[in-house]
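Undergrad: Using only what follows, build the 3D model:
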Amino acid sequence: MVFWEGYVSDELMGTFAPIVVYWVYAGFYHLLPPLDKYRLHTRKDEERKNLVPFSTVVKGVLLQQLVQAIVTLFLLTTTTKASGVVEQPSIAKQILQFLIAMFVMDTWQYFVHRYMHQNKFLYRHVHSWHHTLVVPYAIGTLYNHPIEGLLLDTIGGAISFLISGMTARTAVMFFCFTMVKAVDDHCGLRLPGNIFHLFFQNNTAYHDIHHQLQGLKYNYSQPFFSIWDKLLGTYMPFNLVKRPGGGFEARLAKE
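TA: Sure thing, here's the model as predicted:
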C-alpha cells in the first residue's frame, strides 16, 4: 500500500509526480545560497557563457513536461487497461525491473544522444538548444528542443517502462528516481555526501565534461551508467580539482 492509494490513481501519479519532483528538487538547488566552494563553475561563468535567459529555459521545460504528461498518461492508462488488474510484484522483482529499465534507458539515450551530435542538421537545429546552457544548472535539466524532449526523454522512458514490464505503480517510483538523478547531474554542484556521486560514476562532473567544448563528443551516457561510453570509445577521463578562487573544476585528464 502506498500513501496515494484511494486518493489518486497510479496512472495519474506516474504522470504528474515526476513533474512535481522535478520542480521541488530543482527548486531546492535554485534556492540554495551561492555555495561557491562547491560549484563546478563560477556564477560569473554561468551568467557570461549561457546563451538563453532563465525565463526562456522555464518556458522550454514546461513545454516538454506538457508533452511528457500527455504521452505518459496515455501510455500508463492504455497498458493498465490492456493487462487488467495486476498484483504488485515482489520487492525483488521490482528491483530487477528497475535495473532493466535503467539499462534500457541508458542504451536508448546513449545512441539517440550520440546521433544528435553526429548528425549536423539535428545538432544545429535540435540538440544545440540544450547546449546553449554551457554551464548547466538544475532547472535547465529538461531545457531541450521539443523534438529532442519527445525522442530522448519521453520515448526513452516509455520504452524502458514497456520492456521492463513494470506496473504503473512501480513506474511512479522509477520515473521520479530518474527525474531526481537527471536534475542532480545538471545541478553544477559537487556537494559532500551526495549519494549520486558516491554510487554513480556518471554524475554532475561526468556530464559537465560533455557540456565543455573539448568534451562535446564524449561522455554521451546518461542518466545512470557509463557503460556505452567505455565500450564504444567515447569515454573522456577527467580529474576533479580545486579551483584557486574556490569551488571545483572538472578537467580533462589529457590536459
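Undergrad: Mind listing what's buried along stretch 40-56?
TA: Using 16 or more other CB atoms under 10 Å as the test for burial, stretch 40-56 gives 40, 41, 42, 46, 50. In this view, the C-beta of every residue, glycine as well, is placed from N, C-alpha and C.
Undergrad: Check what contacts the helix or strand hosting residue 20 and list those residues.
TA: Element membership for residue 20, per DSSP states H and E: helix 10-31. With contacts defined as CB atoms under 8 Å, 6 or more residues apart in numbering, helix 10-31 is touched by 4, 61, 65, 68-69, 72-73, 76-77, 80, 137-139, 141-142, 167-169, 171-172, 175-176, 178-180, 183-184, 187, 189.
Undergrad: Then stretch 120-139?
TA: Contacts for stretch 120-139 (CB under 8 Å, 6+ apart): 25-30, 41, 45-46, 49-52, 54, 57-58, 60-61, 113, 115-117, 140, 143-145, 147-148, 183-188, 207-208, 211-212, 216.
Undergrad: Same list (the buried residues of stretch 40-56) but as JSON lines, adding distance to residue 19 and secondary structure.
TA: Converted to JSON lines, those look like this (distance: CB to CB, whole Å; DSSP: H, G, I helix; E, B strand; the rest coil):
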{"residue": "40", "distance to residue 19": "26", "secondary structure": "coil"}
{"residue": "41", "distance to residue 19": "27", "secondary structure": "coil"}
{"residue": "42", "distance to residue 19": "31", "secondary structure": "coil"}
{"residue": "46", "distance to residue 19": "25", "secondary structure": "helix"}
{"residue": "50", "distance to residue 19": "24", "secondary structure": "coil"}
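Undergrad: and whichever strand or helix holds residue 228, average pLDDT?
TA: If you go by DSSP H and E, residue 228 is part of helix 227-231. Computed over helix 227-231, the mean pLDDT rounds to 96.
Undergrad: Heading C-terminal from it, find the next helix or strand.
TA: Using DSSP H and E, the helix or strand that follows helix 227-231 in sequence is strand 238-242.
Undergrad: Neighbouring strands of the next helix-or-strand element following that following strand in the sheet, and parallel or not?
TA: Sequence-wise, the next helix or strand downstream of strand 238-242 (DSSP H and E) is strand 248-252. Partners of strand 248-252 in the sheet, by DSSP bridges, are strand 238-242 (antiparallel).
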